[in-house]
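>>> predicted coordinates and the sequence they were generated for:
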Amino acid sequence: MDWLFAGLILIALFFLVVVFVPLIYFSIKYRKGSRADRSNPSAGSDLLETGWTAFPTLVGIGIFGWGAIIYFHQQNPPADAMQIQVVGKQWMWKFQHAEGAREINELHIPTGRPVVLTMTSQDVIHDVFVPAFRVKQDVLPGKYTTEWFCPTKPGIYPLFCAEYCGTLHARMGGRVVVMEPAEYERWLSSGPPRLSLAAAGERVYRELGCSGCHDQQGTVRAPPLTNLFGRTVALQSGEVVVANEQYLRDSILLPGTQIVAGYENLMPSFQGRISEEEIMEIIAYVKSLSERKSP
């Protein structure tokens, strides 16, 4: 990102010189009353016209390609990245680590390891912005967005909400604490014992009675959840969707919108009965069912 920004600055300076230096020179040379020779005006040059049209076009295409490569790199996190769940609300950030650690307005992460933030909002549009990492992403109600980075230098870096979200928007901030891996592991293991995100999700899953339908021994025939995450799902409408985080969230809150082919619309909506944090915990549990090896 820094190299692209520097490149844009240099290109802008180049055209500034190419355009304005001759402009100033000719403005002075041919000013009113000057003795400059005006007897042989230029008739134009096809080569020159072609050159100053083609060259900026190629430069523009090059900048587009450079920016597109960076954009697609930012949109595709590594498969082995560390997962952090984020919920924004007026006016704080809630972070949940896969191991069970929970933080408010502060995020601890290790150096040298890619980190993926899976984010949603509890109320209005927010935006996670860490200037030092050159990343910025809107956090939307009712939808998951992602953002990833790989910190390389230990330190404390400011975290901002970059979308106006209400009267205390300016105070909705925090910090990212980047630590050496060994120090991070000590921090992660400190404090009282806590359930991992997947284990907490399994507890919520059973408390809400989901196991009565989705487990193999369930009393109601419902789609099984084992090995579901990341696979394609055929719907009654004829569509085929991928069972990602957004699909699982919608299935919990809006079960009637995407009915799996071969099943009835029997599942009640849990909208208003479950928090965003609990939804993320259940999703982590469903993901863990896909990660476990079959006997």
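Looks like it arrived, so ask away.
>>> just say helix, strand or coil for residue 47.
helix (DSSP: H, G, I helix; E, B strand; the rest coil).
>>> just give me the neighbour total for it.
7 (other C-beta atoms under 10 Å). (C-beta placed from N, C-alpha, C; glycine too.)
>>> please name the strands paired to the host helix or strand of residue 178 in the sheet, noting orientation.
Residue 178 is located in strand 173-179, with elements delineated by DSSP states H and E. Paired with strand 173-179 in the same sheet, following DSSP bridges, are strand 106-110 (parallel), strand 155-161 (antiparallel).
>>> span of stretch 162-181 from start to end?
Its first and final residues considered, stretch 162-181 spans 29 Å by C-alpha to C-alpha, to the nearest Å.
>>> who touches it?
88, 90-93, 104-113, 123-130, 133, 136, 138-139, 151, 153-161, 187 (C-beta atoms under 8 Å, 6 or more residues apart in numbering).
>>> equivalent analysis for stretch 203-210, please.
Here stretch 203-210 makes contact (C-beta under 8 Å, 6+ apart) with 195, 211, 270, 273-274, 278, 281-282, 285.
>>> can you tell me which of these are in helices?
211, 278, 281-282, 285 (DSSP state H).
>>> now which of the residues you listed would you call buried?
Neighbour-count burial (16 or more other C-beta atoms under 10 Å) applied to these gives 278, 281-282, 285.
>>> ok, of those residues, which one's closest to residue 7?
Each of those was scored against residue 7 by C-beta to C-beta, and residue 281 proved nearest at 43.6 Å.
>>> contact partners for the closest one?
Taking C-beta under 8 Å, 6+ apart, we find residue 281 in contact with 96, 197-198, 200-201, 204.
>>> most neighbours, which of those residues?
Neighbour tally across those (other C-beta under 10 Å): the maximum, 27 neighbours, falls on residue 197.
>>> for that one, grab phi and psi.
Dihedral pair for residue 197: phi -60, psi -40, per degrees, to the nearest 10.
>>> go on, the one 3 residues further on?
With angles defined as degrees, to the nearest 10, residue 200 sits at phi -60, psi -40.
>>> now residue 86
Taking degrees, to the nearest 10 as the convention, residue 86 sits at phi -130, psi 130.
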